[in-house]
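Q: sharing a model that was predicted from the sequence below.
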Amino acid sequence: MNNLKDLIFSQFKTFALLSVSIIFSIVLLMIRMKLTHSFFYLFLVWNLFLAVIPFTITTYLVSLPKLNRFGLLFWFGVWLLFLPNAPYIITDLLHLRISRTHLLWLDILVISSFAFSGLMLFYLSVLDMKTILKTRIKDNYLKPLVLFILFLCGFGVYLGRFLRYNSWEIVQNPLTLFYDISHIVIYPNQHAEAWLFTLLFGAFLTVGYYGFIIITSNKANHEN
């Protein structure tokens, strides 16, 4: 518990920024609901909650002084299962095409603000997991693993957005999920869009990841 408190105090600015970003997103949504008398985008709150889960997991793991191999494998699996929920919010921009309000600019702001919060949670969580794994995996293997995770998240977002799978489907409906995934892998020609989305979205996450690293490292150098 003391380690968690120390972590929160040491990362106070980061947690404060995340809190402000999330609160701002919710305030924008409330304004939209008030002006349009519609609860249509209320699902964004749930999506953002799911995006918080992987960040909460890595924040907890970083605070632990020691973590055995089996515990790490378990939490890594749970983390990886929920991780695509964070960048998934970006694809909620697709809902703009069915927006019936004249305040389209407000809809764009609402979804973009939630997506921004989701991306911050995503990259911070990935960096924390990288820190956790750094003591157990050689750097030559860690970098490819992180890239693989980024593209795997792209595939996970595709499963969620277009095949409508949730993170808990692996427990509730594993056979159907495995069948659909194996079909995409074995017959890539029949699922060209799935592969194109995975590669492009994964590339998008990768560019953002390295941009996030550069920005945070430059900020740290200026503070030092």
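A: Good, I have the coordinates. Everything quoted here is computed from the prediction, not taken from an experiment.

Q: use CA for all of it now, contacts and neighbours both
A: OK.

Q: excluding covalently adjacent residues, which one is nearest to the residue nearest to the spatial centre of the chain?
A: Using Cα atoms, centre = their mean, the residue of the chain that lies closest to the mean C-alpha position is Ala86, 2.2 Å off. In space, and not counting its chain neighbours, Ala86 is closest to Ala51: 4.0 Å by Cα to Cα, 6 or more residues apart in numbering.

Q: re the thing from before, can you name the residues that contact the residue nearest to the centre of the chain?
A: 47-48, 50-52, 115, 118-119, 121-122 (Cα atoms under 8 Å, 6 or more residues apart in numbering).

Q: how much space is there between the residue nearest to Ala86 and Ile111?
A: Distance of Ala51 to Ile111, computed by Cα to Cα, to the nearest Å: 14 Å.

Q: quick one: which of the two has more around it?
A: Ala51 (28 against 23; other Cα atoms under 10 Å).

Q: was I right about the more buried one contacting Leu81?
A: No: counting by Cα atoms under 8 Å, Ala51 does not reach Leu81; the two are 11.1 Å apart.

Q: tell me which helix or strand Gly211 sits in.
A: Using DSSP states H and E, Gly211 falls within helix 192-223.

Q: if we can go back for a sec, ok, the residue nearest to the centre of the chain to Leu42 distance?
A: With distances taken as Cα to Cα, Ala86 is found 16 Å from Leu42.

Q: what score does Asp6 have for pLDDT?
A: Asp6 carries a pLDDT value of 58.

Q: mind checking which helix or strand the closest residue to Glu169 other than its chain neighbours is in?
A: Closest residue to Glu169 apart from its sequence neighbours, by Cα to Cα, 6+ apart: Leu177 at 7.1 Å. Applying DSSP H and E as the criterion places Leu177 in helix 174-186.

Q: using the three-state scheme, assign the residue located most distally from the centre of the chain.
A: Taking Cα atoms, centre = their mean, the residue of the chain most remote from its mean C-alpha position is His102, at 30.2 Å. Of the three states, His102 takes coil according to DSSP: H, G, I helix; E, B strand; the rest coil.

Q: what do you get for Ser167?
A: Ser167 is classified as coil under three-state DSSP.

Q: residues near Leu61, how many?
A: 20.

Q: which residues touch it?
A: So Leu61 contacts 67, 132 (Cα under 8 Å, 6+ apart).

Q: would you confirm that Phe212 contacts Phe122?
A: No: applying Cα under 8 Å, one finds Phe212 not in contact with Phe122, separated by 10.7 Å.

Q: those two - which one has more neighbours?
A: Phe122 (26 against 16).

Q: how about the more buried one, nearest residue that isn't a chain neighbour?
A: Computed as Cα to Cα, 6+ apart, the closest residue to Phe122 that is not its neighbour in sequence is Ala86, at 5.5 Å.

Q: pLDDT value on the one you found, please?
A: 97.
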